[in-house]
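Visitor: Quick one, what's the 3D model for this:
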Amino acid sequence: MSEHPSRLIMLQFARRIALQQVDQIDQWIATEERREAERQQGERVRPPKPDWVLEYGIGQGAPPVEVHAGHCYSVGKRNRGITREQALSLLAGGLRACVHCRPDTELGLL
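Guide: Model prediction:
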């Protein structure tokens, strides 16, 4: 008897390895499908971005610092959505407008 495995045994081994790899790929696909479903669910239940944002300074009870358009990339973490009328009133009252998104221009104040 030969010390080397037969061609049939080697092919059966290769098949087992290939099936294990297919199983692993199927698990990866299932994980990605779950992640995509969770992402889509998150988008459906996430409230829409506000049209206007009021940013606050640091500290408890800090005063407002700046008004932003809702799409502004430079909105800080301390903020809340406001209405168009509130944004107009705050800007007319002298609160600073963001230099990046220029809400004063969008609102027609300049």
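Visitor: what's the burial count for the closest residue in space to T83 that isn't next to it in sequence?
Guide: Leaving out its chain neighbours, the residue that sits closest to T83 by Cβ to Cβ, 6 or more residues apart in numbering is W52, at 6.8 Å. (Glycine included, C-beta is placed from N, CA and C.) Using other Cβ atoms under 10 Å, W52 is surrounded by 23 other residues.
Visitor: what is W52 paired to in the beta sheet?
Guide: A69, I82 (DSSP bridges).
Visitor: residues contacting it?
Guide: By Cβ atoms under 8 Å, 6 or more residues apart in numbering, W52 lies in contact with 67-70, 81-84, 86-87, 103.
Visitor: Let's have those residues in CSV, adding distance to A18, neighbour count and pLDDT.
Guide: Listed next are those as CSV, based on distance: Cβ to Cβ, whole Å; neighbours: other Cβ atoms under 10 Å; pLDDT from 0 to 100:
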residue, distance to A18, neighbour count, pLDDT
V67, 61, 25, 97
H68, 55, 25, 97
A69, 55, 22, 96
G70, 52, 16, 94
G81, 54, 15, 95
I82, 59, 20, 96
T83, 61, 11, 95
R84, 61, 12, 95
Q86, 63, 13, 96
A87, 62, 27, 96
P103, 59, 24, 95
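Visitor: now these as JSON lines including distance to R39?
Guide: As requested, the contacts of W52 are exported to JSON lines (distance: Cβ to Cβ, whole Å):
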{"residue": "V67", "distance to R39": "31"}
{"residue": "H68", "distance to R39": "26"}
{"residue": "A69", "distance to R39": "25"}
{"residue": "G70", "distance to R39": "21"}
{"residue": "G81", "distance to R39": "23"}
{"residue": "I82", "distance to R39": "28"}
{"residue": "T83", "distance to R39": "30"}
{"residue": "R84", "distance to R39": "31"}
{"residue": "Q86", "distance to R39": "32"}
{"residue": "A87", "distance to R39": "31"}
{"residue": "P103", "distance to R39": "30"}
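Visitor: ok, back up a step: how much space between the residue nearest to T83 and P103?
Guide: Taking Cβ to Cβ, to the nearest Å as the criterion, W52 is separated from P103 by 6 Å.
Visitor: State the helix or strand in which V67 lies.
Guide: If you go by DSSP states H and E, V67 is part of strand 64-69.
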